[in-house]
Structure formats: C-alpha cells, structure tokens
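In: Could you look at this predicted model? Sequence included:
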Amino acid sequence: MAESESGAEKSEDPTEKRIRESREKGQIARSRELNTLAVMLAGTGGLLATGGQLGTALMGIMRDNFSFPREALWSEGSMGLHLLGAGYSALQALAPLALYLLIAAIVGPISLGGWLFSAEALQPKASRMNPAAGLKRMFSAKSLVELLKAVAKFVLVLLVGFSVLSSFQDDLLAMAHEPLERAIVHSAQVVGWSALWMSCGLVLIAAVDVPFQLWDNQQKMLMTKQEVRDENKDSEGKPEVKQRIRQLQREMSERRMMDSIPQADVVITNPTHFAVALKYDPNAGNAPVLLAKGGDFLALKIREIAQKHEVMILESPGLARAVYFSTELDREIPAGLYLAVAQVLAYVYQLRQFQAGKGKRPDPMPDPPIPPDLRRDE
C-alpha cells in the first residue's frame, strides 16, 4: 500500500477533483514502450508498403547524381539545381513513410491516457535539478523496473534479430548475385520484414508495461483519509465560512423585509410572540402578500417600524400564527386564509374611514375563521 510523505497510508481512491488536478499537471499514465512499439510497427509497416517505391526512388537519385552531363560540371547554377532536385525527389520518396511515423507518434501516446496538453508540465522546476532528488529517482523501484525493461528489450530484440537473420540467410547471400536494381529492392524487403519481426518482439514488453503504468499512476493518485476529508471540507466550504455567509444572507433578507413594512396595509400580531405584515393591491386582483414576518425580538422590531410609519396594528393570535407558519416572504397567503384576511382588511378600511371622520366607529373585530389544517395552537 502506498504511503504519503507524512507516512500516512494512502488507502482511498482518488476523487474527481484529484484526477482533474493530476491531468492539469500532466500526471497521467503513459507507456514509452507502447509509444516505441507503435512507431516501430508503423515504420516497418510503412517500409514494407513503400519499400519498393522507396528503393526505386533512391536508385533513380543515385543514377541521376552519377550520370549528369559533363557540361554541368562547368556551370555554377546547374549543380545547385541538381542538388535541389535530388532533395525534392528524396522528400517525395520518404513522405509516405514519414506520414506513417507521424500518425504513430500521435496515436501511440493518446491511446493510453487520452489527449492531453499541460502547460504546467512544461514549466521548469527546481526539484528536477536537485541532485538528492535525482539520486533518489535513480535508485528507486521505478528505476529498477526501467532497467529490467531495458535488459528484457535487449534480450528479446537480440533473440528475435538472430532468428530473423538466420531465416533470411539465403536471401542475404543471393543478393550478391542479383542485378543492382533488384538487389536494392530485395534488400529493402528483407530489412522491412526483419524490422517488423523485431518490432513484434516489443509487444511482450508493452503488454507488461501498460498494466504496470496504469497501476503505478493509480498508486500515485491514491489519497489518505485525511486528504479526502480536507478536500471534502474545501469543496463544501469551511463550517465557519458557511455560517458567516448564512448570517449575512439572513441579515440582508431581514433588512429588505424591514424596508418593506411601511408599504403594508396591516400588521397582525400574536400579540408578542409573532407579527406578520400584509399588503393587498385591489388593482392587481391578486391575493394579499406577506411582506414581513418575525417572532419575539423580530416581531417587536416589526411592530416598532409599523408604529413609526403609522401602519395599522391588530391583534389576532390565531391568524398571526396561521400566516406566520403557512406563508413565505413575498408570497401570497394560502386560499384557506382568504376569508380571514378579508375580514381583517375590511375592518382596517372601516377603522381608517372612522379616523378620517367619514363613517361610524366599527364594531370590535370578531375572531377570523381559521381552517383546521392551517391552525397553529401555542
């Protein structure tokens, strides 16, 4: 089991955040053996596919460079043009093989770990130039694995190469008796097949290295229990910070609520434990809206602001509790309280008419009817 620098056991799977950060740093599973195998197979396969054309083109270049006219030797410009033409012909002959190698160089790395470009991985780091860290890497378990892979590759390629050369012994001897053109094409075929079989010997190395690199990368990303807890705490936010945010949100909500009390038509109280402020707009045609509500100290503040701005305050304990527990701020009251609130608003209207000298004093307001499902007893 892997251990952290502090000695704690890394027993937890990496989180999504840890995996994402590792990719941003360029820390993903990569297999150099798989990349080498892909390039070797593409190169040898391309050599076999284009070996005949390549040999013919190279033979043509040699013929042209050894058989140019005599007068070209005395012309300053002709030799440069001759060299330029030979280079262009060589590029044309090598272009298909170079294309195969380019594709393999791209497909090989992204086949394990996917496509990734990390600018952070390209940045110079002082730790990479630390001699002590370098010695530690030289004598690490990973370095031992790399050494074993190098020895295994050497032995495999040597054995496969010896077997291939033995199998092509007759072809190699026959080339000495073949015409030049045929010998060049034949040699390209022998080199291509030899390289292909030697490249196939690397399949075994890659088959061992790929699972090892995946396992090694997984071990590097394992986390301790404390790291998982710290990451969850950071992602969710520290408790004291979240508490402070909730407190500020509550204070802002209360401030907006207090600012809306002067617009209320009536404040209904418990009389001391609860207070709710309601507003009704007859032109809008909607139900009354709860502008503010509070209990105990907040209820006292609502009453003080209502008195300061001459908002009517009425005592109706049952209705105050029903509105307080059933209605959210800036929302309409439930349909079950329409009748009760309508009676309160009608009484407020009659009382204001009396205070303005436009009517008689209304009778005391009866207890508004509260439906059983909305009733909240103390």
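Out: Yep, it's here.
In: which stretches of this protein have low pLDDT?
Out: Scanning the chain for pLDDT under 70 picks out 1-9, 11, 26, 68, 72-73, 76, 113-139, 232-242, 377-378.
In: quick one, domains of it?
Out: 22-222, 249-374 (automatic domain parsing).
In: Which strands and helices lie in contact with the helix or strand harbouring Asp209?
Out: Using DSSP states H and E, Asp209 sits in helix 202-221. Packing contacts for helix 202-221, counted by 3 or more Cβ pairs under 8 Å, 6 or more residues apart in numbering; DSSP states H and E, involve helix 16-24, helix 32-66, helix 141-167. For the C-beta atoms, the positions are set from N, CA and C on the backbone; glycine is no exception.
In: With Asp259 as the reference, name the closest of the ones you listed.
Out: Closest approach to Asp259 among the helices and strands packed on helix 202-221 is made by helix 16-24 (41.1 Å; Cβ to Cβ).
In: tell me the angle of the helix holding Asp209 relative to helix 16-24?
Out: Calculated by axes from the mean of the first three to the mean of the last three Cα atoms, to 10 degrees, helix 202-221 forms an angle of 130 degrees with helix 16-24.
In: for the domains of the chain, which one ends up most surrounded?
Out: domain 249-374 (a mean of 16; mean count of other Cβ atoms under 10 Å).
In: Quote the end-to-end distance of that domain.
Out: From its first residue to its last, domain 249-374 covers 29 Å (Cα to Cα, to the nearest Å).
In: Could you do stretch 361-375 as well?
Out: So stretch 361-375: terminal residues 30 Å apart, Cα to Cα.
In: how much distance is there from that stretch to the middle of the chain?
Out: How far stretch 361-375 lies from its chain's middle: 59 Å, per Cα atoms, centre = their mean, to the nearest Å.
In: got a list of contacts for it?
Out: 314, 316, 318-319, 321-322, 326, 334, 336-337, 339-341, 343-344, 347, 350-351, 354 (Cβ atoms under 8 Å, 6 or more residues apart in numbering).
In: just to revisit the earlier point, can you list the helices and strands packed on helix 202-221 in JSON lines and add distance to Asn270?
Out: What follows is those, written out as JSON lines (distance: least, Cβ to Cβ, whole Å):
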{"stretch": "helix 16-24", "distance to Asn270": "49"}
{"stretch": "helix 32-66", "distance to Asn270": "76"}
{"stretch": "helix 141-167", "distance to Asn270": "73"}
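In: Since that was my last question, I'll sign off now.
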